[in-house]
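[1] Any chance you can model this:
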Amino acid sequence: MIETSLQTVRDRIQQCMKRAGRVDEVTLVAVTKNHPVQAVETVASLGVTDVGENRVQEAKEKQLTYKGPTVRWHLLGHLQMNKVRQAVPMFDLIHSVDSKKLLDEIERVAAKHDIIQDVLLQVNVAREASKTGLTVEEFPEVRTYASTLPHVCVRGLMCIAPYFENPEDTRPIFRVAHALYEDMKQYFQPEQIQYLSMGMTHDFEIAIEEGANVVRVGTAIFGERVYF
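    Residues are numbered from 1 along each chain as shown. From the prediction side, this is the model:
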């Protein structure tokens, strides 16, 4: 089932890219939250190179028992301050950075490990109270601050659109996020800003049409989450 579903998602991405006239690449992050480590191993054996988790503890448990090909681990969910110490050594890319305070803690921990931590700045374009993320107004100040930290490397932007019955309604949200992403490139080193992470199972095709080059897809690959 996973193999068939994964191929369907890949086909949809390619068809969407073709419709949009895009010739670049879109990275598929398989979201494995609330699915067992065997699901991670299955998609990795099918060529998926990027997997995403929402919670540090769940990711840690999977990483300790994972026996598949090498993958890049992405942290997608809100990162609490008291979890930064664990998260920094675990994740290749943290998508959900949304404050100077969090940046400072990531900088402190990354410096202790003598590494540079790749992150995305999360922007709550739609101002949803239920979601974390910077407001559009807060974004420039935090973006500028992040550029001063030697052990933090901002690689782009992450956006989560509201859930709409009609995915077309996400298009204005994604357009704003894309504009912010493009604007970021003038504030950082050339080639540093590479990732625009937006779009999930319900709306990833609209996100790709609006410029996303990282999409986060779970349910369309694995089915409904298994809570354990």
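
[2] for the one helix or strand Met184 maps to, which positions count as buried?
    According to DSSP states H and E, Met184 maps onto helix 171-184. Along helix 171-184, the positions that meet the burial threshold by neighbour count (16 or more other CB atoms under 10 Å) are Arg171, Ile173, Phe174, Ala177, His178, Leu180, Tyr181, Met184. All C-beta spots, glycine's among them, are computed from the backbone N, C-alpha and C.

[3] Then stretch 186-200?
    Buried residues in stretch 186-200, counted by 16+ other CB under 10 Å: Phe188, Ile193, Tyr195, Leu196, Ser197, Met198, Gly199, Met200.

[4] Just the helices from this protein, written as ranges.
    Listed in chain order, the helices found in the chain under DSSP state H are 2-20, 37-45, 56-65, 84-90, 100-113, 139-146, 171-184, 204-209, 219-222.

[5] circling back: taking the buried residues of stretch 186-200 one by one, which sit in strands?
    Using DSSP state E, the members of these that fall in strands are Tyr195, Leu196, Ser197, Met198.

[6] measure the nearest residue to Ser96 once chain neighbours are set aside to Phe139 for me?
    With sequence-adjacent residues excluded and distances taken as CB to CB, 6 or more residues apart in numbering, Ser96 is closest to Gln122, at 4.8 Å. Using CB to CB, to the nearest Å, we find Gln122 at a distance of 10 Å from Phe139.

[7] what's the helix holding Met184 packed up against?
    Applying 3 or more CB pairs under 8 Å, 6 or more residues apart in numbering; DSSP states H and E, one finds that helix 171-184 contacts strand 152-159, strand 195-198, helix 204-209.

[8] could you redo those as TSV and give each row mean pLDDT and distance to Asn166?
    Formatted as TSV, the entries for the helices and strands packed on helix 171-184 read as follows, by pLDDT from 0 to 100; distance: least, CB to CB, whole Å:
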stretch	mean pLDDT	distance to Asn166
strand 152-159	98	18
strand 195-198	98	17
helix 204-209	98	10
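
[9] Out of the ones you listed, which is closest to Leu46?
    If you check each of these against Leu46 by CB to CB, helix 204-209 wins as the nearest, at 18.2 Å.

[10] That closest one packs against which elements?
    Using 3+ CB pairs under 8 Å, 6+ apart, the elements in contact with helix 204-209 are helix 2-20, helix 171-184, strand 214-217.

[11] rerun that using 10 Å as the cut-off
    For helix 204-209, the packing partners by 3 or more CB pairs under 10 Å, 6 or more residues apart in numbering; DSSP states H and E come out as helix 2-20, helix 171-184, strand 195-198, strand 214-217.

[12] Select, out of those, the one closest to Val31.
    Among the helices and strands packed on helix 204-209, the nearest to Val31 by CB to CB is strand 214-217 (5.3 Å).
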